[in-house]
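Chemist: Quick one: sequence and predicted model below, then my questions.
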Amino acid sequence: MKTNKGPITVQSFHYDMANPSDEVKQEIHVSIEHPELKDENGNPMDETKGKIYQVIVPFEIHPQGAPFKVSGLIGQVLQLIDFHDNPEDLKDKEVQQISRECVEYIETLTYQVTAVTLNQGVSLNFTAEDSVEPNENVKKLREKKNKKD
C-alpha cells in the first residue's frame with residue numbers, strides 16, 4: 001500500500017526501573033483514526049489522492065527478566081494513496097504495514113535508552129505477527145459491516 005507519511009510523533013515515552021521478576025507485559029495497541037485536519041488556510045486537507053489517517057500506538061512493555069519497563073504513546077499521520085474507505089476496511093496486513101514504523105520507533109527508543117541506563121542496549125524485535133492488532137473499535141466496526149453484507 002502506497003502512503004505519504006508525516007513524521008513520527010512521540011507523545012510520551014516512559015522508562016522505569018522494574019523488578020526483573022515483575023509480570024511480563026507486551027501490550028501494543030494500534031488505533032487508526034480519521035482526524036479532522038486543516039491546512040494552513042483552515043480548509044480541510046485534500047484527500048483526493050486518498051484518505052488521511054492518524055495511527056496511534058499506545059504501549060506498555062516489560063520484557064521477561066528485564067530490570068526495566070517502558071510505556072508511552074507514539075503516532076504518525078499518513079495518507080493512504082488510492083484508499084478512500086474507512087479504517088475498518090483495512091486488512092490486518094495493511095494495518096501492520098502502516099503501523100510498523102511506529103512499532104520500530106518503540107524498538108529504537110528502548111534500545112537507545114537502555115544503552116544509556118543499563119550500559120547495554122536491549123533489543124525488543126517485535127515481529128509483525130505478534131506486535132500489532134486492530135483495536136477493539138476497529139474490530140467492532142468490522143463486525144457491524146460484515147453483518148450488513
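Modeler: Sure thing, it's come through.
Chemist: number of nearby residues for Phe83?
Modeler: 20 (other Cβ atoms under 10 Å). Using the backbone N, CA and C atoms, a C-beta is placed for each residue, glycine as well.
Chemist: you'd agree Gln97 is in a helix?
Modeler: Yes - with DSSP: H, G, I helix; E, B strand; the rest coil as the criterion, Gln97 is part of a helix.
Chemist: Tell me who's in contact with it.
Modeler: Applying Cβ atoms under 8 Å, 6 or more residues apart in numbering, we find Gln97 in contact with Met1.
Chemist: Now do it against Glu88, distance only.
Modeler: Going from Gln97 to Glu88 by Cβ to Cβ, to the nearest Å gives 16 Å.
Chemist: same question, Tyr53
Modeler: Between Tyr53 and Glu88 the computed distance is 12 Å (Cβ to Cβ).
Chemist: more crowded one of the two?
Modeler: Per other Cβ under 10 Å, whichever of Tyr53 and Glu88 has more neighbours is Tyr53, with 23 against 17.
Chemist: any idea which element that one lies in?
Modeler: In the assignment (DSSP states H and E), Tyr53 maps to strand 52-62.
Chemist: Give the partner strands of that strand in its sheet and their orientations.
Modeler: Here strand 52-62 has these sheet partners by DSSP bridges: strand 25-28 (antiparallel), strand 31-33 (antiparallel), strand 68-80 (antiparallel).
Chemist: so what's Phe83 up against?
Modeler: Phe83 makes contacts with Met1, Gly50, Lys51, Leu90, as judged by Cβ under 8 Å, 6+ apart.
Chemist: That concludes my questions; thank you for your assistance.
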